[in-house]
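1. requesting a structural model of the entry that follows:
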Amino acid sequence: MKSLPNILLATGGLTALALLAPPAVAQDATSNMSFFVTSTNPGKGADLGGLEGADAHCQQLAKAAGAGGREWVAYLSTQGENAVNARDRIGSGPWVNAKGVEIAKDVKTLHTEQVNINKETALTEKGEQISGVGDQTNLHDMLTGSQPDGTAFAAGEDRTCNNWTSSTEGAAMLGHHDRRGREPGINSWNSAHPSRGGCGTEALKSTGGGGLLYCFARN
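-> From the prediction side, this is the model:
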């Protein structure tokens, strides 16, 4: 029979190991993540290397966060011949953030007022919040190139920075991840206002953005 001190010692050792072990719930939430806001821009403003480059950026960030076992795509539309709708790229849902909180159960819900995207839920792949209106640095402008229902704009006036290949001239439609705007009614997560003054990093900063975008895991 083990003595009481030995039992306590063994129990204490197990307790110490338990304290050192990483929280299983947090790990599970990250591995099951299916939605995030990019923590960084690839470095060229709205020039993401087209949809292919944007998807690769999403995939790379997801992999670094431990969720690279899924197919990740950027929530972006394109214009012109063979235009692509952002809503058609992202699968059928549901989608959850890095904390396991559901953003939307399906594509329809994602594009209604029932969508659960705001400053507290639109987290990065690391599970961190992005600054928005009221913070020292406002980064709430998200690149989408999309109309409120997630569809592409007609050809003509640029709303996608030349289909995500320009870091100079052009404009991109932006959404607000915190769903807050400077004018009444301008609070959509995916279609709030176009960028002003071009597609470069500095131009995007001028309206409150950092060239960030939404990434979804496609089922």
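
2. export the lengthiest strand in the chain as CSV, just CAs?
-> Criterion DSSP state E: the longest strand present in the chain is strand 209-218. Listed next in CSV are the C-alpha coordinates belonging to strand 209-218 (Å, rounded to 0.1, in the frame of the first residue of the first chain):
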residue,chain,number,x,y,z
GLY,A,209,-8.8,49.6,-43.8
GLY,A,210,-5.7,47.5,-44.0
GLY,A,211,-6.4,45.3,-47.0
LEU,A,212,-7.9,42.6,-44.9
LEU,A,213,-10.5,40.1,-46.2
TYR,A,214,-12.9,37.3,-45.1
CYS,A,215,-11.9,33.7,-45.5
PHE,A,216,-14.4,30.8,-45.5
ALA,A,217,-13.8,27.0,-45.4
ARG,A,218,-15.7,25.5,-48.3
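
3. parallel or antiparallel, which strands does that strand pair with?
-> Strand 209-218 has these partner strands in its sheet, going by DSSP bridges: strand 35-37 (antiparallel), strand 71-74 (antiparallel), strand 141-143 (parallel).

4. and Gly66, how many residues sit next to it?
-> Residue neighbour count, defined by other C-beta atoms under 10 Å, stands at 13 for Gly66. C-betas here are computed from N, CA, C, even on glycine.

5. and the gap between the nearest residue to it once chain neighbours are set aside and Ala62?
-> Distance criterion C-beta to C-beta, 6 or more residues apart in numbering; nearest residue to Gly66, sequence neighbours excluded, is Thr30 at 5.3 Å. Counting by C-beta to C-beta, to the nearest Å, the separation of Thr30 from Ala62 is 10 Å.
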